[in-house]
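> 3D, please:
(chains A and B)
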Protein chains: 2
Amino acid sequence: MAKETPKKPVVGLDMGGTKILAGVVDETGKILGVAKRPTKAHAGPDEIIERMAKTVLEAVDRSGLKIGDIQAVGVGTPGPLDPDEGIIWHTPNLPGWVNVPLAASLQERLDVPIFIDNDVNMGTLGELALGAAKGTRDAVGIFVGTGIGGGLILDGELRQGFRKNAAEVGHMVILADGPYCGCGKRGCAESVASRTAIERDIRAGLRAGRKSMMAEVLKGEPNERITSGALAQAYRAGDPLVTEVVGRAQYYLGLLVSAIVNLVDLEVVVFGGGVVEALGDDFLAPIRPIAYQYCLNQEGIESVKIVPASLGDNAALLGASVYARRRLAKK
Amino acid sequence: MAKETPKKPVVGLDMGGTKILAGVVDETGKILGVAKRPTKAHAGPDEIIERMAKTVLEAVDRSGLKIGDIQAVGVGTPGPLDPDEGIIWHTPNLPGWVNVPLAASLQERLDVPIFIDNDVNMGTLGELALGAAKGTRDAVGIFVGTGIGGGLILDGELRQGFRKNAAEVGHMVILADGPYCGCGKRGCAESVASRTAIERDIRAGLRAGRKSMMAEVLKGEPNERITSGALAQAYRAGDPLVTEVVGRAQYYLGLLVSAIVNLVDLEVVVFGGGVVEALGDDFLAPIRPIAYQYCLNQEGIESVKIVPASLGDNAALLGASVYARRRLAKK
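You can find the predicted model right below:
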């Protein structure tokens, strides 16, 4: 039976490919103390789990609390994973993580209930409970970066799915027979609208002789990544090539939003990730009219909010803390 | 609070553009008696609602029951509509239906609780509760005909959506910048995979000089529709043009399934509608490998069932009866 939502502090932990971020969070969503350390992805699961435990204890210490004061730890990690069993099946960006019982291993070290789910789900839940989608029950998070990740919340609950693999919004096909995607298929949203796709198309434009500010950025460094910051600068300056390429990505993201809304008809679409953080609403403004236009039923369509994420780097941490409270209440 | 599921018979009513079909259904899903009459779409809401009431009473009479023995009537109708208020907002195929309080009007005539929802939702619910998806909790129904309609059930419940407009699977964009769709947008699944799209492409092939059995079917009757039956015959006979055009539609339907599974990760995809009924599993066999291939996570992918609808003409009627029982239990 559901008990009352736990009132004592919990820890939200965001385990990424480059850093581990932990925060003690009270029942209002206030962060009482944080700690951070590099992940050292090459170190393998055992050492990384040890580092995670240390980061948790450090955050607890900085909050002036003891681990005994903490009711649970919620962890957002890369996946795919099994949130019920607390097992990470594998993670493309962390070598050696195959069927790792993360929840059990952390619980052994910390003696506190541990609940895990994927980081993008956590980010979406954070935005729903405490950020850009606060006060709503249905939201999709679309995180545009190297790839396009997603999280889906329906009727207030994370949609896990039959195979615990929902919300792969980046791999919904938008342009059949389009460019090859990192996943090996063609025409996925990620293949036409991620920062990787934008970068590919800018490089192609430059090779074809198009003039652009980006030529300076990339000069002499053909393998350098185009950062979200550099992209934002050129977009804001009205660079024609960048405007055109980013414009195509925005068009495809509009179609993606409409496909999602046509299927599950939800209230809020939250966009996050590097490109969105760098450009904010400037990036979303051209997406809205396309997204709305491509929804079948136009009644009330502008009440569907399309907004930038508002929690920044703390989204997954805060979402993980909300998740921990919810799982605890359901136990 | 939810009460026990009602045990007395209910009536399921399927109100289509051409016929009204009513059936008395017991708590096991057995049809005790049916009645049918033409809709007479031009007659307008008042007369059609009167005809619906008569059809219900006739089905009750044929079951050897009285209307007092009936606990509720569930109605599947074209939409969009508001299932909570029982109001049809408008229906593209029925002239004069604008903001019609269908539930209240029928209740006045029959003195029994009336619950309405759209016919494709009802068909999907019928297949989930009593047909091809029996025993599962998550299903999408994809009905391929003149257009492509859909119904979505998650965690055992119809997904209505924020604007009560979910499951418009036919208008998810699959081929950006593709052919114009009946809805005025481009590249929707309906624009590349409905029977209308198949017909358009076969006619284009014939005009371009391609040889095909379909030339005979259409000879001298340029405005005649290609029926699902004629299509099935030519497909089974291996007609090259028909095989090619239907093959493209199957490819796009495979992409559509993968987009849906990537987003909501469900257990069963039920295909219905004229083309599917005429061709059965022959039509679905080429869809499966495409659908599976385009799902991001391949683990357990073949446990996602892609099956033909099994209730035929009774799907919406049976679904409406299940819906009526559920709504009653929630009152």
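> low pLDDT regions in the stretch 101-250 of chain A?
Applying pLDDT under 70 to the stretch 101-250 of chain A flags residues A:220-224.
> show me which residues of it sit near chain B.
With CB under 8 Å from any CB of the partner chain as the criterion, the stretch 101-250 of chain A comes near chain B at residues A:138, A:150, A:152, A:154, A:159-169, A:171-178, A:183, A:185, A:187, A:192. Heads up, the C-betas are built off the backbone N, CA and C, glycines and all.
> excluding chain neighbours, what is closest to the most centrally placed residue in chain A?
What sits nearest the mean C-alpha location of chain A, by CA atoms, centre = their mean, is residue A:120, with 3.4 Å. Nearest residue to residue A:120 in three dimensions, chain neighbours excluded: residue A:149, at 4.0 Å (CB to CB, 6 or more residues apart in numbering or on different chains).
> just say helix, strand or coil for that neighbour.
strand (DSSP: H, G, I helix; E, B strand; the rest coil).
> hmm, residue A:35 and residue A:58 touching each other?
Yes - between residue A:58 and residue A:35 there is a contact under CB atoms under 8 Å: 3.7 Å.
> quick one: which of the two has more around it?
Between residue A:58 and residue A:35, counting by other CB atoms under 10 Å in any protein chain shown, residue A:35 is the more crowded of the two (21 against 16).
> give me the neighbour count for residue A:104.
Neighbourhood size, residue A:104 [other CB under 10 Å]: 12.
> that one - that's part of a strand, no?
No - according to three-state DSSP, residue A:104 belongs to no strand; its state is helix.
> got the contact list for it?
The contact partners of residue A:104, by CB atoms under 8 Å, 6 or more residues apart in numbering or on different chains, come to A:86, A:114.
> returning to that earlier point: state the distance from the residue nearest to the centre of chain A to chain B.
Remark: distance between residue A:120 and chain B (CB to the nearest CB, to the nearest Å) = 13 Å.
> show me what contacts that residue?
The contact partners of residue A:120, by CB under 8 Å, 6+ apart, come to A:141, A:143, A:149-151, A:167, A:316.
> how far out from the middle of the chain is the host helix or strand of it?
If you go by DSSP states H and E, residue A:120 is part of helix A:119-130. Mean-position distance between helix A:119-130 and its chain equals 8 Å (CA atoms, centre = their mean, to the nearest Å).
> ramachandran angles for residue A:147?
With angles defined as degrees, to the nearest 10, residue A:147 sits at phi -120, psi -160.
> and residue A:68, how far is that from residue A:326?
22 Å (CB to CB, to the nearest Å).
> so for these two, which sits in the more crowded spot?
residue A:326 (20 against 9).
> hmm, back to that, which strand residues bridge the residue nearest to residue A:120?
On the basis of DSSP bridges, residue A:149 is bridged to residue A:143.
> and what of the one 4 residues further on?
Listed by DSSP bridges, the beta-bridge partners for residue A:153 are residue A:139, residue A:158.
> in terms of contact, does it touch residue A:127 like I think?
No - Residue A:153 is not in contact with residue A:127 according to CB under 8 Å; the separation is 9.1 Å.
> identify the contacts common to these two.
Residues touching both residue A:153 and residue A:127 by CB under 8 Å, 6+ apart: A:133, A:139.
> these two - which one has more neighbours?
Shown here are residue A:153 and residue A:127; by other CB under 10 Å, residue A:127 has more neighbours (30 against 26).
> can you give me the helices in the stretch 51-200 of chain A?
A:102-110, A:119-130, A:189-193, A:195-207 (DSSP state H, counting those that start in this stretch).
> and the stretch 201-331 of chain A, by the same measure?
A:214-218, A:228-236, A:240-264, A:274-279, A:281-284, A:287-293, A:315-330.
> please name whichever of the ones you listed is nearest to residue B:303.
helix A:240-264 (21.1 Å; CB to CB).
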